[in-house]
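Peer 1: Quick one: sequence and predicted model below, then my questions.
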Amino acid sequence: MPRPAEPGRNALLNAGEQVAQDRGLRGLSINAVVEVAGMAKGSFYHHFPDRRSYVIALHRRYHDALAELITARIGDIAPGVERIRAGITAYLDACLETRGTKAFLAQSRTDTDLLDEVSARNRDFAGVVEGDLAGLGWPDPGAVAQLMVAMVAEIALVELYDNGPRADLRAAVMDLIDREGERGR
């Protein structure tokens, strides 16, 4: 009877998070991953055909966890400013607490293997907020949602490099949403 693939796959992905945290995406070699996982190199290829598919799986796993956390945090909050605030706060807090964030936010912007993934995730997060912005009276809420995702991602990077929350930047993005939405009403 064949063994299930998940324990090995998960061990490799966990190891990849650690390597990404310690060495960044550029240091995320197959050799480094299997060394940290304590597995043979052949095990890697049993689960992933190549480094590219592995990095994509790691990126998806990271963002799936973020999306799950944000969804739980916004829960039953009615669409609007408070839900946007809760979602932004959840995202920024999770970025500070999650292993590998710097690699998956900063370095993935320039990793050609991940450009499509980054764009897709940004569209997904913008899609979550678009209805809230429409309800607040924003003209072209889709475009505003896309810009808001970019602003929040930039705040996450600044906070990572500053090693902590930036209350001024968080307040500024919330203030922009509140004030500009009111103008559209």
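Peer 2: Cool, got the structure.
Peer 1: residue closest to the middle of this structure?
Peer 2: When Cα atoms, centre = their mean is applied to the chain, the residue found nearest the centroid is residue 63 (4.1 Å).
Peer 1: What pLDDT is listed against that one?
Peer 2: Per-residue pLDDT puts residue 63 at 86.
Peer 1: Likewise for residue 181?
Peer 2: 49.
Peer 1: In the longest helix anywhere in the chain, which of the residues would be classed as buried?
Peer 2: Using DSSP state H, we find that the single longest helix of the chain is helix 51-74. Buried residues in helix 51-74, counted by 16 or more other Cβ atoms under 10 Å: 54-59, 61-63, 66-67, 69-70, 73-74. No exception for glycine: its C-beta is placed from N, CA and C like everyone else's.
Peer 1: Give me the residues contacting stretch 152-159.
Peer 2: Here stretch 152-159 makes contact (Cβ atoms under 8 Å, 6 or more residues apart in numbering) with 88, 91-92, 95-96, 101, 105-106, 122, 165-166, 169-170, 173.
Peer 1: Pretty sure residue 145 sits against residue 133.
Peer 2: Yes - using Cβ atoms under 8 Å, residue 145 is in contact with residue 133, at 5.6 Å.
Peer 1: and residue 108, how many residues sit next to it?
Peer 2: By other Cβ atoms under 10 Å, 22 other residues sit near residue 108.
Peer 1: wait, what's in contact with the nearest residue to residue 178 once chain neighbours are set aside?
Peer 2: Once flanking residues are discounted, residue 178 sits nearest to residue 81: 5.9 Å by Cβ to Cβ, 6 or more residues apart in numbering. Contact analysis of residue 81 by Cβ under 8 Å, 6+ apart lists 132, 136, 177, 178, 181.
Peer 1: Now do the end-to-end distance for stretch 134-144.
Peer 2: 10 Å (Cα to Cα, to the nearest Å).
Peer 1: tell me the contacts of residue 114?
Peer 2: Counted by Cβ under 8 Å, 6+ apart, residue 114 has contacts 55, 56, 59, 108.
Peer 1: what ranges of this protein fall below the confidence cut-off?
Peer 2: Residue ranges of the chain with pLDDT under 70: 1-5, 99, 103, 179-185.
Peer 1: Give me the domain ranges for it.
Peer 2: 1-48, 56-184 (automatic domain parsing).
Peer 1: check which helix or strand covers residue 96.
Peer 2: Following DSSP states H and E, one finds residue 96 within helix 81-97.
Peer 1: What residues of that helix count as buried?
Peer 2: 81, 83-85, 87-95.
Peer 1: Just put those residues in CSV and tack on distance to residue 12.
Peer 2: Below are the buried residues of helix 81-97 laid out as CSV (distance: Cβ to Cβ, whole Å):
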residue, distance to residue 12
81, 41
83, 36
84, 36
85, 37
87, 31
88, 32
89, 32
90, 28
91, 26
92, 29
93, 27
94, 23
95, 23
